[in-house]
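A.B. asks: here is a sequence with its predicted model. Questions after.
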Amino acid sequence: MPVASASPDTLRELYERACRWRGKLDLFVDDSERISGANAWRLSLSIAAALAQHGVTAGERVAFLCKPSARHALVWFATPLAGGVSCSMHIRETPERLAETLAWLEARILVYDADLAGLASHVLARASGAGHRAKGISLGAAEGDGTGWDDLLKAPAASPRSGSTNADSLAAIILSSGSTGRPKGVMHTHRTLIENAKAGQALYGTITTRDATLVMMQPSFAAWVNVVVPYVAGCGKVVFGQAFTPTGFLGCLERERITMAPAVPTMWRMMFAEDLSRFDLSSVRNVSISGEPPSRSDLERIYAKVSRGISSFYSSSEAGTAGAILATEVDTLGVGRNTPGKPETTGRPVVGADVRIIHPDGDFNDELPQGEIGEILVSGPSLSVGYWRDEALTRERFRDGWWRSGDMGYIDADGDLYVLGRTDNVINSGGMKVHGEEVERVLLRHPAVVQAAVVGMADERWGQRSEEHTSELQSRFGISYAVFCL
């Protein structure tokens, strides 16, 4: 195995170094396979050579239609070894939308799971009918005269194309939510992903060969990149699970001796319905929470029953981990302090990151005074370089190293950030503006409420109201909402 340069500038160098130090220890694990660091490098070199034989050159996009697995991770990291750009698509999208996305990415290769072969076939056929031809590669057995997993491994391992990429070459495209149309393609270079890897040490605690994480999020989500890349860089073990169940997650924490458990609060609430005493969770030293704000009761139960280390942070596809805002158990629960803590805070920027609050209808420099609610702007070294094939949106959302998040929030007198909700998720009742997320947090304080969702209802008199009323909501906000609780 060749020795990487003194400081990794590309994913190739980062990945090679991680595989070398991981050595005979498991690097990628799933329900059916365990791949050591040394084998991961060897297999990825063969896969990269096979991708090159299929026409992957510098900057060529390789699309994935896969669930989390060791094989997917091998090909995802092999793609930049061949000079390509990894892009995982949403497996729950319709064949029509997936075909459109494949053509929009101009991807000539579609890598898919064996059990998604039917969906992949429909996508490739629809894309071809619309004038875009792409080749399918199965992570299982080959179909007909197609290419399968064994074919990828037959290619002779070759040295990576070190001259075809540099730190500023495109390495990955992360697809944002496509609920209102075609998803945005968030572009990351080798440089931004290297910074992402470094900052993971701040978010998840020090990552070493003694550490392991459990990844059950789909590869199409930014959370996959934001966990897997830092853990690979830190030479830790990455365990993949394809379908979340409370007992399955808890059992894997015990079996694989997971040290960092990433899960959204909704998942933890489901797990707390189980008897946690049945599982040995003593290996867990950090619980990572992102995607939605936890309640005080969520944090208190995690601290008491699972882990004394809790990282609650605010990040995104665009910001990455080096643009994250972090709150630990010290900030949220006041651990080690003579204060009650701030369970609703998102904390403060990690090293190298910055945040500012501006008027939501203003410019990048229309900064608001401390305590006033406005749009959150984020800066950091892992910030995306823009949106795929959308220069107008890139100019609108990115400027001078800052990104307009579209999230609303404020910074309190102590310098802690509070995230209130989206600029486009505001309930307007009689002229009063309230974020649905604020109301959800109030509901979740009640011990009888496990889950809560709040949406505005159209009303001729108030603009938006609901058919339900609660005294606490009315006394605090003076308006009504559609409230759904479990």
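C.D. replies: Everything's here; your move.
A.B. asks: and the strand or helix carrying residue 111, average pLDDT?
C.D. replies: Assigned by DSSP states H and E, residue 111 belongs to strand 109-112. Per-residue pLDDT values across strand 109-112 average out to 98.
A.B. asks: swap in stretch 192-212?
C.D. replies: 95.
A.B. asks: check stretch 78-93 too.
C.D. replies: The model assigns stretch 78-93 a mean pLDDT of 96.
A.B. asks: and what of stretch 122-141?
C.D. replies: Stretch 122-141 comes out at a mean pLDDT of 97.
A.B. asks: for it, which positions count as buried?
C.D. replies: Residues of stretch 122-141 classed as buried: 123-124, 126-127, 132, 134, 136-139 (neighbour count, 16 or more other C-beta atoms under 10 Å). Placement of C-beta: from N, CA and C, glycine included.
A.B. asks: where does the stretch 301-450 of the chain dip in pLDDT?
C.D. replies: 423-442, 444-448, 450 (pLDDT under 70).
A.B. asks: direction included, what does the helix or strand residue 188 falls within pair up with?
C.D. replies: Taking DSSP H and E as the definition, residue 188 sits inside strand 185-189. Strand pairing for strand 185-189, determined by DSSP bridges: strand 170-175 (antiparallel), strand 386-387 (antiparallel).
A.B. asks: winner for burial among those?
C.D. replies: strand 170-175 (a mean of 25; mean count of other C-beta atoms under 10 Å).
A.B. asks: what sits up against it?
C.D. replies: 10-11, 59, 61, 80, 85-90, 101, 105, 165, 183-190, 192-193, 220-222, 225, 317, 384-385, 388 (C-beta atoms under 8 Å, 6 or more residues apart in numbering).
A.B. asks: just the buried members of those?
C.D. replies: In these, the ones that pass as buried (16+ other C-beta under 10 Å) are 10-11, 61, 80, 85-90, 101, 105, 165, 183-190, 192-193, 220-222, 225, 317, 384, 388.
A.B. asks: which of these fall in helices?
C.D. replies: 11, 80, 101, 105, 190, 192-193, 222, 225 (DSSP state H).
A.B. asks: what's the closest of those to residue 305?
C.D. replies: If you rank those by distance to residue 305 using C-beta to C-beta, residue 222 comes first, at 28.2 Å.
A.B. asks: any idea how far that closest one is from residue 59?
C.D. replies: As defined by C-beta to C-beta, to the nearest Å, residue 222 lies at a distance of 21 Å from residue 59.
A.B. asks: can you show me the helices along the stretch 351-486 of the chain?
C.D. replies: Ranges of helices within the stretch 351-486 of the chain are 391-397, 436-444, 471-477, based on DSSP state H, counting those that start in this stretch.
A.B. asks: neighbours of residue 253, just the number please.
C.D. replies: Residues lying near residue 253 (other C-beta atoms under 10 Å) number 25.
A.B. asks: which secondary structure elements does whichever strand or helix holds it contact?
C.D. replies: Assessed by DSSP H and E, residue 253 sits inside helix 246-255. Using 3 or more C-beta pairs under 8 Å, 6 or more residues apart in numbering; DSSP states H and E as the contact criterion, the neighbours of helix 246-255 among helices and strands are strand 212-215, helix 265-271.
A.B. asks: and of the ones you listed, who's closest to residue 409?
C.D. replies: Within these, the stretch nearest residue 409 is helix 265-271; the backing value is 17.9 Å (C-beta to C-beta).
A.B. asks: and the helix or strand that the closest one is followed by, what does it pack onto?
C.D. replies: Scanning forward in sequence from helix 265-271 by DSSP H and E, the next helix or strand is strand 286-289. Judged by 3+ C-beta pairs under 8 Å, 6+ apart, strand 286-289 is in contact with strand 260-262, helix 265-271, strand 310-314.
A.B. asks: one more time with 7 Å, if that's ok
C.D. replies: strand 260-262, strand 310-314 (3 or more C-beta pairs under 7 Å, 6 or more residues apart in numbering; DSSP states H and E).
A.B. asks: re earlier: so how far is the strand holding residue 111 from its chain's centroid?
C.D. replies: 21 Å (C-alpha atoms, centre = their mean, to the nearest Å).
A.B. asks: let the chain start at 295 from now.
C.D. replies: That works, and once the first residue is 295, the last one we named lands at strand 403-406.
A.B. asks: contacts made by the helix or strand following it with the rest, please.
C.D. replies: Remark: after strand 403-406, the chain's next helix or strand is helix 411-423, criterion DSSP H and E. With contact meaning C-beta atoms under 7 Å, 6 or more residues apart in numbering, helix 411-423 is reached by 359, 389-390, 392-393, 396-397, 404, 406, 428, 430, 432, 437.
A.B. asks: where do the strands sit along the stretch 645-780 of the chain?
C.D. replies: 648-652, 668-673, 680-681, 692-693, 696-705, 711-716, 720-723, 726-729, 746-749, 751-753, 757-759, 776-779 (DSSP state E, counting those that start in this stretch).
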